[in-house]
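# can you look at this prediction? I've put the sequence above it.
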Amino acid sequence: MQENGYSEGYYSIFDAGKEMTFDAYESEERLLRPLRDNWHAERLKWFTHGFYKVSQNSPAIVITDLRMGVEGGYIFNFRVGEINSDGSVTPVNERVQSERDISRLPLIWKRIWDSSVSLAPK
């Protein structure tokens, strides 16, 4: 976790002696400012132990738990706010159901054996 985002790196037990590389991603933490006293948003931040990203899926503000999944395929996403046409934010508390994309599983399997394989979304 960094101030404006997070990095993801992958390391296999077969990577012995190789340096891990990281891919950096942004988090739009500023979107949570209007929700700083919202119990649901604060509870999610607590629950993730600080490993979360904030994104805008217009008009929704979404908190994603970074501990379960990989970039482009996280399991737990929660809509915590809705940006209104006047720019104000309405608090929301709703889990975002997403399709499970298993098409990347062969790539993950390749990464276990080959450290040159990137799991970063294209």
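Nice, thanks for sending it over. Numbering: from 1, shown residues only.
# now do the residue at the greatest distance from the centre of the chain against S115, distance only.
Of all residues in the chain, G17 has its C-alpha farthest from the mean position, at 28.4 Å, by CA atoms, centre = their mean. Separation of G17 from S115 (CB to CB, to the nearest Å) stands at 10 Å. (C-beta placed from N, C-alpha, C; glycine too.)
# what about the strands in this structure?
Using DSSP state E, the strands found in the chain span residues 5-9, 22-26, 52-57, 60-65, 69-70, 73-74, 77-83, 89-95.
# the ones you listed: which one's closest to I102?
Closest approach to I102 among the strands of the chain is made by strand 73-74 (9.1 Å; CB to CB).
# report the distance from the worst-scoring helix or strand of the chain on mean pLDDT to the chain centre.
Among the helices and strands of the chain, strand 69-70 carries the lowest confidence by mean pLDDT, DSSP states H and E, at a mean of 88. A distance of 8 Å separates the centroid of the chain from that of strand 69-70, by CA atoms, centre = their mean, to the nearest Å.
# strand partners of it, parallel vs antiparallel please.
The pairing partners recorded for strand 69-70 under DSSP bridges are strand 73-74 (antiparallel).
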